[in-house]
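K.L.:
any chance you could fold what I've pasted below:
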Amino acid sequence: MENHNAERVCITAERDERGWIKGKIGRYTFSAKVFDLPSQFGIDGGRVSKLGIYDDEQRKRERNYFAACIVNYDRGWDIQPEGAAAEQVFRTVLGFLETLPTAEMPKARESK
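P.N.:
Numbers count the residues shown, from 1 in each chain. This next block holds a predicted model:
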């Protein structure tokens, strides 16, 4: 079993104007829709209203997105994380996404 505690979340496609972002953690790929404000539709009432975490190699091999998913949330749970490793990956990605800057916040500040 992989240890995801030390793994970093890497962004592969920056958040677009509709709130979609893509990234990787270990062997998993994720895509998410992140809003500026928390919502009743978000995971745990947060900013993330859609999140898929999947093994992209398995998805390609089996040609089946859902078979490769360890998490799928689309305003409600389709696939919940099962087991400690999947839960750790999910919590790491969710924690990262919930702390993303909002559209109104500058992405980086220049020092004067």
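K.L.:
going forward, measure contacts between C-alpha atoms and count neighbours the same way
P.N.:
Fine.
K.L.:
least confident secondary structure element in the chain?
P.N.:
strand 9-13 (a mean of 93; mean pLDDT, DSSP states H and E).
K.L.:
give the other helices and strands that it contacts.
P.N.:
strand 20-25, helix 84-98 (3 or more Cα pairs under 8 Å, 6 or more residues apart in numbering; DSSP states H and E).
K.L.:
deepest-packed of those, please.
P.N.:
Ranked by mean neighbour count, the helices and strands packed on strand 9-13 are led by strand 20-25 with a mean of 19 (mean count of other Cα atoms under 10 Å).
K.L.:
can you give me the mean pLDDT across stretch 60-76?
P.N.:
Averaged across stretch 60-76, pLDDT comes to 97.
K.L.:
got the contact list for it?
P.N.:
The contact list for stretch 60-76 (Cα atoms under 8 Å, 6 or more residues apart in numbering) reads 41-43, 49-56, 58-59, 78-82, 86, 90.
K.L.:
can we see that at 6 Å?
P.N.:
Residues from elsewhere that reach stretch 60-76 (Cα atoms under 6 Å, 6 or more residues apart in numbering): 41, 49-55, 58-59, 78-81.
K.L.:
and for stretch 26-39?
P.N.:
Here stretch 26-39 makes contact (Cα under 6 Å, 6+ apart) with 19-24, 45-55, 102.
K.L.:
and stretch 57-66, how far out from the chain's middle?
P.N.:
From the chain centre to the centre of stretch 57-66 is a distance of 18 Å (Cα atoms, centre = their mean, to the nearest Å).
K.L.:
again, but for stretch 51-68
P.N.:
On Cα atoms, centre = their mean, the centre of stretch 51-68 falls 14 Å from the chain's centre.
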